[in-house]
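1. Quick one, fold the following:
(chains A, B, C and D)
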Number of protein chains: 2
Amino acid sequence: MKSDSTYRSPCPLSKALDLIGDKWSLVIVRDMCMGKSKYGDFQHSDEGIPTNILANRLRQLEEFGIIEKRSYQEKPTRYEYLLTRKGADLLPVLQQLVLWVQKYDNDCIEPPEGFLTALPEDLMAQRDNPQ
Amino acid sequence: MKSDSTYRSPCPLSKALDLIGDKWSLVIVRDMCMGKSKYGDFQHSDEGIPTNILANRLRQLEEFGIIEKRSYQEKPTRYEYLLTRKGADLLPVLQQLVLWVQKYDNDCIEPPEGFLTALPEDLMAQRDNPQ
DNA sequence: CTGGTCACTTGTTTTTTACAAGCGAATTTC
DNA sequence: GAAATTCGCTTGTAAAAAACAAGTGACCAG
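-> As a prediction, the model looks like this:
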């Protein structure tokens, strides 16, 4: 996951930020909450994540146990990325961030229907029954 | 605050990360939630924020309307930094981050008594009646 | 066999961060 | 009253990370 000595302190908040405190990790998690799962899906999101950063973050998120990489076809082998339960449990964090921005910024777009009321369990169910 | 064109996209989540998506901003907000208000207080926190980064983040947080800088003495002029209502409203975000880490990491320390049940209003009250 | 897609990797430049030192105003120590 | 110390920063500079651009290998389609 991440060795103790690489955290800045044992404070849970700073530990959280050591894992996902950057501009891109939660954008990828957001995409996965919306049902995206392929490298190209993430790459084509509006924010325009650089491809090397995307590859790096997917590696890290997997290392941290937030996502799982699994192959969904052979010839050529292709992978998809799915939220683990730990990853799905970040949903309340995303929801609070969205609520915060919505309160103070009128120019942001609406999250998709149901996003603010969804539960981590819903993401796990969706994961096992991809549409 | 931050001009529209500097955001990566109009998505509320990515906007939130454009404002506070880094390793230090929320550590400073956390300190302020715990009643710290002076430059030196932040500087001496366990995580050991570099002083130039601290100065930079305080400037940014003020620019974003998350904190307020005000002088509390003359000769020499000294400043303290306080959460605005917008800043206090980040508390639920911090709380969710802490809950998330606590669920998956047994080695993190406990947040102070009452942290997880506090409300943004409590921080504002505390602000006007410093102990 | 030519071209295209997908999922990346590999340079290289630019930006950000980290670390160390310094500084001005004032206050404290001797 | 001179010297040292504190506070709240700023200014270099080196190291790390991010951004940008191009390339690669496996496959498929025509």
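2. DNA strand C contacts on chain A?
-> Contact residues, chain A versus DNA strand C (CB under 7 Å from any atom of the strand): A:38-40, A:51-52, A:55, A:58, A:76, A:78-79. (Each C-beta comes from the backbone N, C-alpha and C, glycine too.)
3. From those, list just the buried residues.
-> A:39, A:58 (16 or more other CB atoms under 10 Å in any protein chain shown).
4. Give me the residue ranges of chain A where confidence is low.
-> A:130-131 (pLDDT under 70).
5. Tell me where it has helices.
-> Secondary structure of chain A by DSSP state H: the helices cover A:12-20, A:25-33, A:39-43, A:51-63, A:85-88, A:91-104, A:120-128.
6. Out of these, flag the one nearest B:D31.
-> The closest of the helices of chain A to B:D31 is helix A:12-20. By CB to CB, the value is 9.9 Å.
7. Which residue of chain A lies farthest from its centroid?
-> Taking CA atoms, centre = their mean, the residue of chain A most remote from its mean C-alpha position is A:K75, at 27.5 Å.
8. can you pull the contacts of that residue?
-> By CB atoms under 8 Å, 6 or more residues apart in numbering or on different chains, no residues touch A:K75.
9. Distance of it relative to B:P76?
-> Distance from A:K75 to B:P76, counting by CB to CB, to the nearest Å: 72 Å.
10. With A:D18 instead?
-> A:D18 is 36 Å from B:P76, where distance means CB to CB.
11. residues in contact with the closest residue to A:L97 other than its chain neighbours?
-> Counting by CB to CB, 6 or more residues apart in numbering or on different chains, B:A16 is the residue found nearest to A:L97 once chain neighbours are left out, at 4.2 Å. By CB under 8 Å, 6+ apart, the contact set of B:A16 is A:97-98, A:100-101.
12. what do you get if the cut-off is 10 Å, keeping everything else the same?
-> Neighbour list for B:A16: A:26, A:94, A:96-102, A:105, A:108, B:90, B:93 [criterion: CB atoms under 10 Å, 6 or more residues apart in numbering or on different chains].
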